[in-house]
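Trainee: Structure for the following, please:
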Amino acid sequence: FGLPAMDYTERTCIIVVVISGQAGTVQVGVVVDAVSEVLNIKSEEIEPRPSFGTKLNTDYILGLAKVGGGIKILLDITRVLSSEDAMLLAEAA
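Mentor: Model prediction:
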């Protein structure tokens, strides 16, 4: 993402995601600053991503889910990773 490296803290977490490639799937750990909650969201509860006009790039958004009176934005992890990262992961799969 082009951000400077940060020191790990007690809130730093590793999120394990599954990336599908042409040859199969691979599990990858993504280091994040913190995790505030973990949710189980069924596919039928996911609404299509909105269109915010041309000012906001929504390519990274998988969809929206209404949870507990709020709205959660779901990211498409394969689009969040750079295309170079995705190619390396696809080759490893």
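
Trainee: would you list every one of the helices in the protein?
Mentor: 77-80, 83-92 (DSSP state H).

Trainee: ranges for the strands of this structure?
Mentor: Using DSSP state E, the strands found in the chain span residues 13-21, 24-32, 46-47, 61-67, 70-75.

Trainee: residues touching the residue sitting nearest the centre point of the chain, list them.
Mentor: Geometric centre of the chain, nearest residue: Ile77, 3.4 Å, by CA atoms, centre = their mean. Contacts for Ile77 (CB atoms under 8 Å, 6 or more residues apart in numbering) come out as Val17, Ile19, Val30. C-beta coordinates here come from the backbone N, C-alpha and C atoms, glycine included.

Trainee: do the same with Ile14
Mentor: With contact taken as CB under 8 Å, 6+ apart, Ile14 is in contact with Gly29, Val30, Val31, Val32.

Trainee: Name whatever forms a beta bridge with the third one.
Mentor: With DSSP bridges applied, Val31 shows beta-bridge pairing to Ile14.

Trainee: Please look at it and Thr12 and confirm they touch.
Mentor: Yes: with contact defined as CB atoms under 8 Å, Val31 counts as touching Thr12 (6.5 Å).

Trainee: Counting neighbours, go ahead and name the busier of the two.
Mentor: Thr12 (13 against 10; other CB atoms under 10 Å).

Trainee: I'd say the more buried one and Gly29 touch.
Mentor: No: contact criterion CB under 8 Å: Thr12 and Gly29 do not qualify, at 11.7 Å.

Trainee: Skipping its backbone neighbours, what lies nearest Leu74 in space?
Mentor: Residue nearest to Leu74 in three dimensions, not counting chain neighbours: Leu62, with 4.3 Å by CB to CB, 6 or more residues apart in numbering.

Trainee: Cool, thanks, signing off.
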